[in-house]
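**Q** sequence and predicted structure are below.
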Amino acid sequence: MPMAADIRACIFDVFGTVVDWRNSVSRDLAAFGADKGISGVDWLAFAVAWRKLYQPAMEEVRSGRRAFTVLDVLHRESLVKLIGEFGITGLSAAEIDHMNRAWHRLDPWPDAVAGLTRLKSRHVIAPCSNGNIALIVNMAKRAGLPWDCVLGAETARAYKPMPEAYLAACRMLDLQPAQVLMVAAHNGDLKAAKAQGLGTAFVARPTEHGPDQKTDLAADTSVVDIAADSFVDLAHKLGC
């Protein structure tokens, strides 16, 4: 386990770890659908289907088959595909853009703002997300997330779990990987960060994928240095 005194910065996965994408996106789209008179769409199923296209879209970039492309663009392409599959018609480009920005309007988990604020009192805090800068900044302004700066895929020009996504964050903070704690609700993300020498903290989000979630219910002790049940608990364990 890294010594708390050695940790200078905490960097965070965002989707699922800091914010509740599943309920936020489905509520946002349901409100949009009601306003536009769109009926017969299961917006929760739509949100889940959209999220399932997330990794395949990024893999096109990670594999080198596609030049680096920000997540807003990848999300919109996936959205257009789903609009057709769900039989939604008659939307303007501006309306599709509004739907796409649902990812800019995600709500934080109840402990997120208080926990981040406590962690910020002692450490630099920043997202290390696959979200692009505009998305993360807009989300933070709306949700009150007190980041010190924005790091992640767009600044690294690499999507997690590529090593550069983590190492670029360390370089930009002028810190060694061992001085940086990667915080996530996903053991795979932490495994990738651990392989690059970062400290790792797991914060459980057992309903990220709904009431029947079967993955990431507990920390993988082979890759996790610190396990916490909330950001407030993590702050306490780090002496904040």
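**A** All right, it came through fine.

**Q** contacting residues around Leu135?
**A** Contact partners of Leu135, counting by Cβ atoms under 8 Å, 6 or more residues apart in numbering, are 71-72, 103-104. Where C-beta positions appear, they are placed from N, C-alpha and C, glycine not excepted.

**Q** how near is the nearest residue to Ser78 once chain neighbours are set aside to Gln179?
**A** Distances taken as Cβ to Cβ, 6 or more residues apart in numbering put Leu53 closest to Ser78, at 3.9 Å, once the chain neighbours are dropped. According to Cβ to Cβ, to the nearest Å, Leu53 stands 35 Å off from Gln179.

**Q** show me which of those two is the more surrounded one.
**A** Taking neighbours as other Cβ atoms under 10 Å, Leu53 and Gln179 compare with Gln179 leading, 19 against 16.

**Q** ok, now which ones touch Thr117?
**A** Pro146.

**Q** any idea of the mean pLDDT for the strand or helix carrying it?
**A** In this assignment (DSSP states H and E), Thr117 forms part of helix 112-120. Across helix 112-120, the average pLDDT comes to 98.

**Q** now stretch 135-153
**A** Per-residue scores along stretch 135-153 average to 98.

**Q** and that stretch, end to end?
**A** 12 Å (Cα to Cα, to the nearest Å).

**Q** strands of this protein, start to end?
**A** Using DSSP state E, the strands of the chain run over 9-12, 124-129, 151-152, 180-184, 199-203, 226-228.

**Q** dump these to TSV, plus mean neighbour count and distance to Glu164.
**A** Formatted as TSV, the strands of the chain follow (neighbours: other Cβ atoms under 10 Å; distance: least, Cβ to Cβ, whole Å):
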stretch	mean neighbour count	distance to Glu164
strand 9-12	26	14
strand 124-129	25	11
strand 151-152	28	11
strand 180-184	27	14
strand 199-203	26	18
strand 226-228	19	24
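
**Q** okay if I get those as TSV plus distance to Ala169?
**A** Shown next, in TSV, are those (distance: least, Cβ to Cβ, whole Å):
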stretch	distance to Ala169
strand 9-12	5
strand 124-129	5
strand 151-152	4
strand 180-184	7
strand 199-203	13
strand 226-228	18
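
**Q** out of those, which comes closest to Ser63?
**A** Smallest distance to Ser63 across the strands of the chain (Cβ to Cβ): 19.3 Å, for strand 151-152.

**Q** give me the pLDDT for the residue nearest to Ser121 when sequence neighbours are not counted.
**A** The spatially closest residue to Ser121, leaving aside those adjacent along the chain, is Cys240, at 5.5 Å (Cβ to Cβ, 6+ apart). The model reports Cys240 with a pLDDT of 88.

**Q** and Val80, by the same measure?
**A** 97.

**Q** run a quick neighbour tally on it.
**A** Neighbour count for Val80, taken as other Cβ under 10 Å: 15.

**Q** now the one 10 residues further on
**A** The criterion is other Cβ under 10 Å. On that basis, Gly90 has 8 neighbouring residues.

**Q** same deal with the one 5 residues further on?
**A** Taking other Cβ under 10 Å as the neighbour definition, Glu95 ends up with a count of 15.

**Q** tell me how far it lies from Ile83.
**A** Taken as Cβ to Cβ, the span from Glu95 to Ile83 is 10 Å.

**Q** same deal with Val150?
**A** 29 Å.

**Q** thought Ala193 was touching Leu167?
**A** No: the criterion here is Cβ atoms under 8 Å, and Ala193 misses it with Leu167 at 9.6 Å.

**Q** which one's more surrounded, those two?
**A** More crowded of Ala193 and Leu167, by other Cβ under 10 Å: Ala193, with 31 against 18.

**Q** once you drop chain neighbours, what's closest to that one?
**A** Met182 is the one closest to Ala193 (Cβ to Cβ, 6+ apart), at 3.7 Å.

**Q** cool, thanks, signing off.
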